[in-house]
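Colleague: Coordinates for the following, if possible.
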Amino acid sequence: MADILPFKRPSKKTTAWQKHKGSSLCRDGFHKWQVVTERKFDVKQGKLVTEYRCQRCGKTKTKLL
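Modeller: Numbers count the residues shown, from 1 in each chain. A predicted model of the protein is given here:
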């Protein structure tokens, strides 16, 4: 039978860094915006609306055209 090798657990610093990777950028206002819906029409204002969502934190914003 083969010998069983024990694996090292990742350190707490490594897992915390990977968990919060990129969130510090969003806290400082550097979001990574991605277009969610294009050419959405707002009935109340009569304008086209584009919706953006941040890939890192999930925050959304809308922009009127």
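Colleague: Please count neighbours and contacts with C-alpha atoms only from this point.
Modeller: Fine.
Colleague: got the buried residues for the lengthiest strand in the chain?
Modeller: In the chain, with assignment by DSSP state E, the single longest strand is strand 33-42. Neighbour-count burial for strand 33-42 flags residue 33 (criterion: 16 or more other Cα atoms under 10 Å).
Colleague: Need the contact partners of that strand.
Modeller: Residues outside strand 33-42 that contact it (Cα atoms under 8 Å, 6 or more residues apart in numbering): 47, 48, 49, 50, 51, 52, 53, 54, 55.
Colleague: For the residue positioned nearest the centre of the chain, what are phi and psi?
Modeller: Nearest to the mean C-alpha position of the chain, counting by Cα atoms, centre = their mean, stands residue 56 at 1.7 Å. Reported as degrees, to the nearest 10, the phi and psi values for residue 56 are phi -80, psi -50.
Colleague: Give me the buried subset of the contacts of strand 33-42.
Modeller: Those of these that meet the buried threshold are 49, 50, 51, 52, 53, 54, by 16+ other Cα under 10 Å.
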